[in-house]
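Asker: just a sequence and a predicted model for now, questions to come.
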Amino acid sequence: AKLGSLWLVSLVFLLCNFVLETDSDQSFSQIKRVNHEFSMQQNSQTKVTSLRKKRSALDGTQDVMCTEQNQHFHDQLSKKEGDFANQFQFDNETNYSLALAWTGKMDGRLMVAITEEMFTMAKPSRLYLSTDDGKTFQNITSRIDNSLIRKNNGLQNHPLSPGTVMIVVHTEDEFSAMYITEDGGDTFHRQILPFLLENTLYFHPTKEDYIIAHEASSRDLYLSTNMGRTWDKIHSNVLSVKWSTYEKDDDVTIYALLSGEKDPFESFWADETSQVENSLEKCTPVRGQCTWKTIKSEVYTFGMEGKFLYISKHLTDPDSYEDDVERLMEVSTDGGAHWAEVQLPTVTEDRFYSILDMSEELIFMHVDNPGDTGHGTLYISDATGIIFTESLQRHLYPNFVDVTDFYKVQSMRGVYLASQMESDNSIHT
């Protein structure tokens, strides 16, 4: 590509809604270390596979939208209508961060947000819309009042409503604003948020009007029950949050990890290995209000998908000044009523657990190896989530980043791809 231009190659047979982000100017400050966290892959968090929803993994049926899109592609292929790979050049474009999302259902609509931020400075951003599968794009920045789109979370499409996209923008005060379209980008309405939105939104897996927002700096938790038009504060001092995927919970049950620190800025001065008594709580909101119930104390981190609710906790006293403070895993399959210790190796503070997939009523779990090696051991569980079997040694999980090559092939049940690091540091799939 020539200087001052940005190229986009689109394939019309990319199926199902997605958001793609590319950034050719990542700085080291953006790389976050995960070796002290129990984490879940992003696709495990956002692609919620509740037992309430039909899934090909369980009943052999495909998602209705994917089936329709697949048929649409084959119809085009049989008619030999046009090319299936398109290239578009954004001329005179000097920003390098690009986020892309489908904004419709089989109507060729793509929305692209192009931004650039560095520290506290932001360059003017642009919003583009294509209605022909990426062959051409129209600049629609004026439809959002030429606002500055946030780089990391500015383009968020609704997983249950194909035409709904939320554009998060900067404002001149301490709050954020969103421009919401429900017709694929033709029109937008502006909504001022009562908080600063720095993270992605948590969309309910089956109720499209229900959305959770977590304000990272203040740790406040907000709930909207009308597609982001109004928000109610439902908790404070929250470290992480998830919608329930346990089939016996109420449809709108929320799980949240509450920090034992009263002041969110106390952790800045705390020692890296110090541990407060974080607690795992749950609630079912009624008319925007929540009554929270503690279901587990002394929780380090947690994850949830399907019937599995996992926590990581300290095995030894983190304030005992021992060299190796260990953590272990526990699992519940009844919404936190009962817990069992998982048969996995304990880890020290320089290592981590990572759940890679829980969508098949079993768990793929990565356990980091000692010494910042960039690899660990991949385990697979039985149906109880308690007993694990070693699946792959030297499983690639690079240091200092929160992604791995582990990949579930959605169209082929039971098929997974993973990368393994050899003793000479070469990698194969």
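Answerer: Good, I have the coordinates.

Asker: ok, Val169 touching Asn153?
Answerer: No - the pair Val169 and Asn153 does not pass the contact test of CB atoms under 8 Å, sitting 10.6 Å apart. Backbone N, C-alpha and C define where each C-beta goes, glycine included.

Asker: residue contacts, Met178?
Answerer: When contacts are counted by CB atoms under 8 Å, 6 or more residues apart in numbering, Met178 is found next to Met166, Ile167, Val168, Val169, Arg190, Gln191, Leu193, Leu197, Gly228.

Asker: can you select the buried ones among these for me in PyMOL?
Answerer: The buried residues among the contacts of Met178 can be selected in PyMOL (16 or more other CB atoms under 10 Å) with this line:
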select buried, resi 166+167+168+169+191+193+197+228
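
Asker: just the contacts of Met178: which are in strands?
Answerer: Met166, Ile167, Val168, Val169, Arg190, Gln191 (DSSP state E).

Asker: low-confidence stretches in this protein?
Answerer: The chain contains residues with pLDDT under 70 at 1-63, 65, 69, 80-84, 119, 262-276, 316-324, 400-402.

Asker: tell me how far Gly228 lies from Leu315.
Answerer: 41 Å (CB to CB, to the nearest Å).

Asker: measure Leu417 to Glu390 for me?
Answerer: To Glu390, Leu417 is 18 Å away according to CB to CB.

Asker: for Ser381, that is, sorry about that
Answerer: Using CB to CB, Ser381 is found at 11 Å from Glu390.

Asker: got it, and Thr348?
Answerer: Taking CB to CB, one finds Thr348 at 20 Å from Glu390.

Asker: more neighbours: these two, which one.
Answerer: Set Thr348 next to Glu390 and count neighbours by other CB atoms under 10 Å: Thr348 wins out with 18 against 10.

Asker: wait, the more buried one sits on Val325?
Answerer: Yes - Thr348 lies in contact with Val325 (CB under 8 Å); the separation is 6.5 Å.

Asker: what number of residues lie near Ser240?
Answerer: The tally of other residues near Ser240 (other CB under 10 Å) stands at 19.

Asker: and stretch 414-429, how far from the chain's centre?
Answerer: Relative to its chain's centre, stretch 414-429 lies at 24 Å (CA atoms, centre = their mean, to the nearest Å).

Asker: may I see the buried residues of it?
Answerer: Residues of stretch 414-429 classed as buried: Tyr416, Ala418, Ser419, Gln420, Met421 (neighbour count, 16+ other CB under 10 Å).

Asker: beyond the lengthiest strand in the chain, next helix or strand please.
Answerer: For the chain, the strand that runs over the most residues, judged by DSSP E, is strand 388-396. The helix or strand immediately downstream of strand 388-396 is strand 407-408, counting by DSSP states H and E.
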